[in-house]
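Engineer: sequence-free structure coming up:
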């Protein structure tokens, strides 16, 4: 079924909803009339009161029905927009396949040894380097001489190249983040070109986590990210304004004893001993914990790294992969049954990192589409599907405490859909930042 016919079906569904509401309103009116006739037999005064209550009840009923209708219409419109975006992806793939076929039949115009990889564009100036603009670096950050160590960064994953993605970028721009952490599955097309184009307003601010569609959709596409962000490996770390960022690669070998595992263990140990670091934030494409959805939590990832995170004082873990939003209570690892972690605080916000565990957040809301939630695990504080947007993390380095505030901003009116805070005592009272 094409998009035009789906749009026609949407209008038909809206008309049916309106007809249904009209029928319900008429039936409710006649029911009220019959009820008032019965009340007339009891008392004239009671009849008058009942009539007034009937009118008030009717108005309330109409308001509820209208509100429900608006929600259903909005949901149908969102579905049509998602269908349009999915159709664009299909058209793009078909176009690329046709182009590949034409290229295969045009060997006379190519030199031996030429490959498609050489045709894919590299994008310069996107990578975050601490001062939003100049020389790139994956291991060190700086504050460009700015003594203000308070800052905010934006994070989301599963972007795609849709109107919803553009809205997410615009929403981020309004909050003016110093850094943007992308959580994987950036472009769903055969190249990364459209994603780089849409993200261009955030050039010089970006760090990326690589997801399935960034790695498994072909070497040429993956190389665009690797070259554009000058990544020696898909996992790396970065220090900025008293925060240590660790980017993991959950699609690469991560088992104990692997090169990545050894890097992460050494990196976290070093960060935990650095007196200039107040916060440790980890990003990983696959979730360690999740409510039932399209993709389950990655048990092996959780069992390998959750104990390390606790040992070295990780504060917040971010991921994408599931196209919805989930945020846990503070959790500690349960070695006896790791899928059932220990919740250290049942509060919806106001966590004390000295007593509480690690907060895990899935932010797969960048714009490609939605995955439904088929239930809610007891360790999840807040979750929702059906909202595109991003999680804004505000770091306030006060004295003697430092505070992290997480706020999810829905693209629709920048409405706040979730908010939480974590506070902790700072380890270092110096005002200047230093980096190793």
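Structural biologist: Right, received. Where do you want to start? For clarity, every value in this text was computed on a predicted model and none was experimentally measured. Residues are numbered from 1 along each chain as shown.

Engineer: going forward, measure contacts between C-alpha atoms and count neighbours the same way
Structural biologist: OK.

Engineer: ranges for the strands of the stretch 201-350 of the chain?
Structural biologist: Secondary structure of the stretch 201-350 of the chain (DSSP state E, counting those that start in this stretch): strands at 206-208, 236-240, 243-247, 279-283, 316-319, 325-328, 331-332, 342-343.

Engineer: dump those strands to JSON lines, plus mean pLDDT.
Structural biologist: Shown next, in JSON lines, are the strands of the stretch 201-350 of the chain (pLDDT from 0 to 100):
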{"stretch": "strand 206-208", "mean pLDDT": "97"}
{"stretch": "strand 236-240", "mean pLDDT": "96"}
{"stretch": "strand 243-247", "mean pLDDT": "97"}
{"stretch": "strand 279-283", "mean pLDDT": "97"}
{"stretch": "strand 316-319", "mean pLDDT": "98"}
{"stretch": "strand 325-328", "mean pLDDT": "98"}
{"stretch": "strand 331-332", "mean pLDDT": "98"}
{"stretch": "strand 342-343", "mean pLDDT": "97"}
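
Engineer: quick one: which of those strands is nearest residue 306?
Structural biologist: When the strands of the stretch 201-350 of the chain are compared by CA to CA, strand 331-332 sits nearest residue 306, at 8.1 Å.

Engineer: on contacts alone, who are the packing partners of that closest one?
Structural biologist: strand 342-343 (3 or more CA pairs under 8 Å, 6 or more residues apart in numbering; DSSP states H and E).

Engineer: re the thing from before, in a markdown table: the strands of the stretch 201-350 of the chain, plus distance to residue 194 and mean neighbour count.
Structural biologist: Listed next are those as a markdown table, based on distance: least, CA to CA, whole Å; neighbours: other CA atoms under 10 Å:
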| stretch | distance to residue 194 | mean neighbour count |
| --- | --- | --- |
| strand 206-208 | 16 | 23 |
| strand 236-240 | 25 | 21 |
| strand 243-247 | 23 | 22 |
| strand 279-283 | 24 | 22 |
| strand 316-319 | 22 | 24 |
| strand 325-328 | 24 | 26 |
| strand 331-332 | 38 | 21 |
| strand 342-343 | 41 | 18 |
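
Engineer: any chance of those strands in CSV, plus distance to residue 64?
Structural biologist: As requested, the strands of the stretch 201-350 of the chain are exported to CSV (distance: least, CA to CA, whole Å):
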stretch, distance to residue 64
strand 206-208, 44
strand 236-240, 49
strand 243-247, 46
strand 279-283, 42
strand 316-319, 37
strand 325-328, 27
strand 331-332, 39
strand 342-343, 37
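
Engineer: out of those, which comes closest to residue 262?
Structural biologist: Taking the strands of the stretch 201-350 of the chain one by one with CA to CA, strand 236-240 is closest: 12.1 Å.

Engineer: what strands line up against that closest one, and which way round?
Structural biologist: Strand 236-240 pairs in its sheet with strand 243-247 (antiparallel), by DSSP bridges.

Engineer: just how off-centre is the partner strand within its chain?
Structural biologist: Offset of strand 243-247 from its chain centre (CA atoms, centre = their mean, to the nearest Å): 18 Å.

Engineer: what's the closest of the strands of the stretch 201-350 of the chain to residue 73?
Structural biologist: strand 325-328 (22.2 Å).

Engineer: what packs against that closest one?
Structural biologist: Packing partners of strand 325-328 (3+ CA pairs under 8 Å, 6+ apart): strand 359-363, strand 380-384.

Engineer: closest one to residue 263 among the strands of the stretch 201-350 of the chain?
Structural biologist: Nearest to residue 263, of all these, is strand 236-240, at 8.6 Å by CA to CA.

Engineer: what ranges do the strands span in the stretch 51-200 of the chain?
Structural biologist: 151-156, 179-182.

Engineer: now tabulate these in JSON lines and tack on mean pLDDT, mean neighbour count and distance to residue 335.
Structural biologist: Output for these, formatted as JSON lines (pLDDT from 0 to 100; neighbours: other CA atoms under 10 Å; distance: least, CA to CA, whole Å):
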{"stretch": "strand 151-156", "mean pLDDT": "98", "mean neighbour count": "23", "distance to residue 335": "30"}
{"stretch": "strand 179-182", "mean pLDDT": "98", "mean neighbour count": "24", "distance to residue 335": "30"}
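
Engineer: looking at the sheet around the residue most central in space within the chain, what are its partners?
Structural biologist: What sits nearest the mean C-alpha location of the chain, by CA atoms, centre = their mean, is residue 363, with 2.2 Å. Residue 363 forms beta bridges with residue 325, as assigned by DSSP bridges.

Engineer: what sits against it?
Structural biologist: Going by CA atoms under 8 Å, 6 or more residues apart in numbering, residue 363 touches 155-157, 183, 318-320, 322-326, 390-391.

Engineer: shaky segments in the stretch 51-200 of the chain?
Structural biologist: Confidence mapping of the stretch 51-200 of the chain against pLDDT under 70 gives the ranges 51-54, 67, 70-72, 74-75, 77-93, 95-97, 99-120, 131-147.

Engineer: okay, helices next: where are they in it?
Structural biologist: Under the criterion DSSP state H, counting those that start in this stretch, the stretch 51-200 of the chain contains helices at 163-175, 193-199.

Engineer: check which helices and strands the last one is in contact with.
Structural biologist: I take that to be helix 193-199. Helix 193-199 packs on helix 163-175, going by 3+ CA pairs under 8 Å, 6+ apart.
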